[in-house]
Every structure is written in structure tokens, then in C-alpha cells.
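> Sequence plus predicted model, see below.
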Amino acid sequence: MKRFMKILPKNVSSFITGSITGFLICIAGCMPVKKVEPPTSSQLKRQWEKDNLLNLLSKDRVKRKDIAFFLVYYLNDLLPFFEKQPSLYPIGDKRIKDIKGLNEETYIVKALKMGWMSNFPDGKFYPDDKIKRFQLAIILFRVSKTLPFFSGNNVGYCEIKDVPYSDYTYKVLSFVVLNNLLTLEDGFFFKDKSVTGREAAKCFSKFRKMLKK
């Protein structure tokens with residue numbers, strides 16, 4: 001009997017604890033569970049853009065597809081102020097065979113339609129070709145030409161030690177230097193040097209700020 005009395009409180013305690021736990025589980029099971037909505041396509045796109053931008057900032061060299069991304073990423077909300085100037089060659093889907101399925105495809109198509117970049121006579125864009133400083137300067141100059149009221153359109157004389165005035169790239173290089181989009185290093189432009197991701201991002205960020213003034 002004494003042994004039974006000693007065991008009884010423990011059993012009662014276990015029973016009460018188990019009953020309370022079961023009751024709470026039942027209540028929790030009856031409570032409505034808040035559904036987690038899957039991310040929308042626009043949310044997924046913004047996340048991809050953010051991740052891609054951070055990735056490109058660490059790149060020593062950027063490609064043509066990356067420049068198309070930078071262009072649209074930094075200037076997309078300003079597109080109504082630009083005039084479309086389609087590139088020389090048609091940009092129908094059947095002509096651009098080497099951008100299908102790329103994450104940057106929509107950015108490339110938009111850059112082509114604006115005339116900011118151009119595909120080649122063979123109908124290809126060559127998205128993985130590396131971009132050099134003089135090529136980036138040409139693209140920036142094209143962008144400025146699609147914005148009629150852009151005050152930075154005027155091109156003046158700028159001494160560039162490694163690019164003579166007679167060079168076909170002088171005009172556009174002078175444009176980016178005078179507008180502080182790309183800078184000289186001890187008077188040299190180094191036009192054939194590859195563009196880094198950070199350099200490209202900084203360049204388009206400056207261009208955007210110029211347009212917002």
C-alpha cells in the first residue's frame with residue numbers, strides 16, 4: 001500500500017502533463033495555418049538582379065551580356081526619356097541565335113531595341129565576348145545620342161596621351177573623359193584594357209546621376 005502511494009503521485013503527474021500536452025497539440029492543430037505565398041516573377045527578377053550585380057562587381061572582366069544587363073538595370077526607369085534608335089541589323093528573334101535561354105536575354109533585346117548596343121551582320125550578339133574600355137565608351141556615347149536633351153552631348157578637346165586626335169575612337173573617348181564617366185591614368189586612357197565589373201557599375205551609376213540632375 002505504501003509503495004502504491006509513492007508511485008501514485010508520479011503517475012498522476014505524468015497523466016496531467018500528458019493531457020495538457022495533448023490538449024495544446026489539439027488546439028494548435030485546429031488553428032488556421034498561414035499560407036506562405038510563393039515569390040512572384042517580379043520578386044524573383046529583382047532578387048536575380050541583386051545577386052547578379054553583386055557577382056559582377058567582383059569580376060576582373062565583364063562580357064557583352066553583362067554590359068546589356070548594366071544598361072537596363074541602371075537606366076530602365078528612365079527609358080521614356082530616350083528615343084529608340086534600332087541598330088543597323090535586324091534584331092528579330094530568328095536573327096539572334098546565341099542569346100536564347102540566357103538570364104540576360106531580355107536585357108540584351110532591350111539594349112538592342114534602344115540602339116545602345118548592336119548585334120553583328122551574321123545575326124549573332126556574341127554575349128560572352130569581353131568588353132574593352134574603348135568599346136564601353138562607344139556604348140555610352142550611343143546612349144547619350146538617344147537622349148536629345150542630354151547636356152553632356154557636347155564633345156570638346158581633351159588631351160589623351162595614348163590616343164591621337166586622328167584616331168577614330170578619339171571623339172567618344174573624349175566624351176567619356178570630359179563627362180567623368182571613365183577616367184585617365186596619368187593622362188593615358190588604355191583603351192584596349194578590359195573593363196572590370198566595378199568600373200562598369202560605377203560608370204553607369206555616374207551616367208544615371210548625370211541624367212537625374
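Cool, got the structure.

> residue ranges for the strands of the protein, please.
Ranges of strands within the chain: none, based on DSSP state E.

> any weak-confidence spans in it?
Within the chain, the ranges that satisfy pLDDT under 70 run 1-34, 87-95, 151-155, 213.

> what ranges do the helices span in it?
Per DSSP state H, the chain carries helices over the ranges 2-30, 41-56, 64-75, 105-114, 133-145, 170-178, 197-212.

> Any chance of TSV for the ones you listed, columns mean neighbour count?
Bear in mind the C-beta positions are built from the backbone N, C-alpha and C, glycine included. Below are these laid out as TSV (neighbours: other CB atoms under 10 Å):
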stretch	mean neighbour count
helix 2-30	9
helix 41-56	12
helix 64-75	23
helix 105-114	20
helix 133-145	22
helix 170-178	20
helix 197-212	17
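
> What count of nearby residues applies to residue 59?
When neighbours are defined as other CB atoms under 10 Å, residue 59 has 17 of them.

> From residue 201, how far out is it?
Relative to residue 201, residue 59 is positioned 10 Å away (CB to CB, to the nearest Å).

> my guess is residue 99 contacts residue 123, does it?
No: the criterion here is CB atoms under 8 Å, and residue 99 misses it with residue 123 at 10.6 Å.

> Looking at the two now, which is surrounded by more residues?
Per other CB under 10 Å, whichever of residue 99 and residue 123 has more neighbours is residue 99, with 22 against 15.

> so what's that one up against?
65, 105, 108, 109, 125, 127 (CB atoms under 8 Å, 6 or more residues apart in numbering).

> Spatially nearest residue to the third one (excluding sequence neighbours)?
To tie it back to what came earlier, the one meant is residue 108. residue 68 (4.3 Å; CB to CB, 6 or more residues apart in numbering).

> Near residue 191, how many other residues are there?
Using other CB under 10 Å, residue 191 is surrounded by 20 other residues.

> which residue sits closest to it, ignoring its sequence neighbours?
Residue 191's closest residue in space is residue 134 (CB to CB, 6+ apart), at 3.7 Å.
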